[in-house]
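Colleague: give the three-dimensional model of this entry:
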Amino acid sequence: MTESLLGAVLGGEDEDKAESTKVGSEAIAAAVAANLAIESPEVAAEAAAFFREQVEVLKVQKKILEAEHEYFETEWRPRLLGIRLRVGFQVFAILAATVIGIGVAVMILDAVTSRRAVIEPFDIAPNVAARVPSGKIVAGGLLDELSRLQDATRTSVQGLDLSSAWASHIKLEVPETGISLDEISRLLRERFGHDVHLDGDLVGTSAGGLALTVRGNGVPPKTFTGSATELDTLTVKATEYVYSKSQPARWAYYLQNAGRSEEAIAFCRTAFGSVSKEDRPYLLNVWANSINNSGGSPREALGLYRAALKLKSDYWNGYNNVMDSLWILGDEEGAWRAGEDMRKAAGGRPGRAAEVFYLNWDALTWNLGPWLDSIVVDAEANAGVGTGFATAGPAIADVDARLHDPEAAELALKTTKEDPNDPSIGAMTHSVRGRLASEAGDTARAATELEAFGAAYADPAVSTNNPGYNCWIAPAEEAAGHPDKADALLKTAGTFVDCYRFRADILDGRGDWPGAQKAYADAVALAPDLPAAYYSWGVALANHGDLSGAEAKFKDANRRGPHWADPLKAWGDVLVKQGNRQDALAKYDEALRYAPNWKQLKDAREAVAKRKT
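Modeller: Below you'll find the predicted structure:
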């Protein structure tokens, strides 16, 4: 009964359900009265009277519900439909306003963040119109050259979005104003953005030549003159001028990438006081880079890098270059500390600093996996060459060689993009192939390749970007039977951990174990927080049968370079000699995590795994 009553109230039940409610109530009353009559006739009579009254009440309620239902159908249902339509229109209006609001917000955000170079058609004087009939031709040439300059600039500094004034117009009109969305967007960018609008003119000179003038906001007018056939040359000169004025930081990096170090130094020095505060750290950085690349004072460069960090405390590339300068100066321990300073300033790793800016720290600590990953990511995001001075391909091959993956290293070398302005490509190709040949036991080829690398290393643009790499020439010369060349190189190579540990290896190979021990100790003292010297010393101790001493050195190396596979493999080799098969397998497995394609490591593990005891 309860369900029937509720159904009638809520849903306007039909007559059948109402009648069933009535019949059901009367049946229940009769049944109860019959039961009570058996027990007490008086009570039964009273109960029957009570139930008759309730049935009458239900009849009245039914009539009321029927009347309410009829009123609802005739009066409220049409009103509810109207309300629903009105609410629907209001919701639609709100959604439409929201969409418009989002669109306006996007346009404003686009305007505020806009950094475009908008090139207007140039004015063409009548006396050259026959040869250059359209201002779009000149503007198009300027646009093409600007695009080329930007593409040739390797840097993480944001560039301008290049466009012509006649491209990408949106013609959707705003009602009752006649103004297109493109015009609204342009007005917003002009008001809030950082666009550079460029135009100019081309006129004929009295001598029959051409005079090309360019100008723009932030680009003072300048005229370039030449013969009647030199429009392309004038366009290049005008574009470089525009680039230097509109994007001084990127222009400085372009000069650096193009090997124009002296021009880069002069530009950074003279432009520093007139550029924005945001651009000044970048100019100091390029200034320092160019000093190093041209064979200037590394200490002067170090001072400029540190000055850049004072202007921009989160200039992570500045930290990376401080590390490089300290490394060039032979202070690898100081370079490692600078990396630690960056990690703390960045809030840990990973943190605010991009992984690519840890590459010097990774190289010092033989943190090869992250080092390789950061170079690959940077290269993939920047046309396959990366943002560094040196092209990424040989740097990738360098890390692959350290990971004992010769196939990957060769592939990286073979797929490197050529760049005549980058001397590191040829130099590092010789270095990688020389070290691979040495590992393969081809001592003659190793010496030949590394001697070629040594010749290229004389270029400061190579040596300052690869400090200490010349140390690897000495063991190759010693293995090839050229001890005099090995000694001569180590006398002038510098105070690098690799030079010290390779000298110790050479002394040990010549039978001077006491001298080797001292040289190993000197290598450790030179940079006690780096792993390489401990590793080399451990290998020598193992060769001399001091297995416990070797294990201690490998443990020291692993603590300072936990992701370097070589100390782990050597540690496993020592454990095998000590009869500790299970621990040796564990070390091999750990090493395989960091050098998964190292054949000798796989062979060593397989040999131990096959042993029953």
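Colleague: can you give the domain ranges for this structure?
Modeller: Using automatic domain parsing, the domain parsing of the chain gives 2-104, 116-246, 366-469, 496-613.
Colleague: which among the ones you listed is found nearest to Gly259?
Modeller: The closest of these to Gly259 is domain 366-469. By CB to CB, the value is 4.5 Å. Using the backbone N, CA and C atoms, a C-beta is placed for each residue, glycine as well.
Colleague: quick check: pLDDT value at Arg611.
Modeller: Here the pLDDT value assigned to Arg611 is 84.
Colleague: nearest residue to it in space, please, no chain neighbours.
Modeller: Leaving aside its chain neighbours, Arg611 sits nearest to Arg581 (6.2 Å; criterion: CB to CB, 6 or more residues apart in numbering).
Colleague: number of residues surrounding that neighbour?
Modeller: Residues contacting Arg581 under the criterion other CB atoms under 10 Å number 15.
Colleague: wait, it touches Lys610, no?
Modeller: No: with contact defined as CB atoms under 8 Å, Arg581 does not reach Lys610; the gap is 10.6 Å.
Colleague: where along the stretch 351-500 of the chain do the helices fall?
Modeller: 359-365, 368-380, 392-402, 406-414, 424-439, 443-456, 460-463, 473-479, 483-492, 497-509 (DSSP state H, counting those that start in this stretch).
Colleague: so which elements touch the third one?
Modeller: Where contact means 3 or more CB pairs under 8 Å, 6 or more residues apart in numbering; DSSP states H and E, helix 392-402 is packed against helix 368-380, helix 406-414, helix 424-439.
Colleague: including mean neighbour count, distance to Gly88 and mean pLDDT, could those go into JSON lines?
Modeller: JSON lines is the format used below for the helices and strands packed on helix 392-402 (neighbours: other CB atoms under 10 Å; distance: least, CB to CB, whole Å; pLDDT from 0 to 100):
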{"stretch": "helix 368-380", "mean neighbour count": "19", "distance to Gly88": "49", "mean pLDDT": "96"}
{"stretch": "helix 406-414", "mean neighbour count": "17", "distance to Gly88": "62", "mean pLDDT": "98"}
{"stretch": "helix 424-439", "mean neighbour count": "22", "distance to Gly88": "67", "mean pLDDT": "98"}
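Colleague: I'd like these as a markdown table, with distance to Asp556 appended.
Modeller: Converted to a markdown table, these look like this (distance: least, CB to CB, whole Å):
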| stretch | distance to Asp556 |
| --- | --- |
| helix 368-380 | 18 |
| helix 406-414 | 28 |
| helix 424-439 | 24 |
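Colleague: closest one to Val214 among the ones you listed?
Modeller: Comparing these by CB to CB, helix 368-380 comes nearest, at 33.4 Å.
Colleague: what sits up against that closest one?
Modeller: 354-356, 358-359, 362-363, 385-388, 392-393, 395-396, 399-400, 402-403, 563-565, 594-595 (CB atoms under 8 Å, 6 or more residues apart in numbering).
Colleague: please convert the buried members of these into ChimeraX selection syntax.
Modeller: Restricted to buried positions by 16 or more other CB atoms under 10 Å, the ChimeraX selection for these reads:
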select :354,355,356,358,359,362,363,385,386,387,388,392,393,395,396,399,400,402,403,563,564,565,594,595
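Colleague: re earlier: okay, the residue nearest to Arg611: pLDDT?
Modeller: For Arg581, pLDDT reads 95.
Colleague: and the gap between it and Thr492?
Modeller: Distance of Arg581 to Thr492, computed by CB to CB, to the nearest Å: 46 Å.
Colleague: just to be sure, Val203 is in a helix?
Modeller: No: according to DSSP: H, G, I helix; E, B strand; the rest coil, Val203 belongs to no helix; its state is strand.
Colleague: who's in contact with it?
Modeller: Here Val203 is in contact with Ala125, Asn127, Val128, Leu210, Ala211, Thr213 (criterion: CB under 8 Å, 6+ apart).
Colleague: also Arg510?
Modeller: Contacts of Arg510 (CB under 8 Å, 6+ apart): Pro483.
Colleague: any idea how far it lies from Ala504?
Modeller: Where Ala504 is concerned, Arg510 sits at a distance of 11 Å (CB to CB).
Colleague: swap in Phe496?
Modeller: Per CB to CB, Phe496 is found 13 Å from Ala504.
Colleague: these two - which one has more neighbours?
Modeller: Neighbours per residue (other CB under 10 Å) separate Phe496 from Ala504, with Ala504 holding more: 25 against 22.
Colleague: if we ignore the residues flanking it in sequence, what's nearest the more buried one?
Modeller: Ala519 (3.4 Å).
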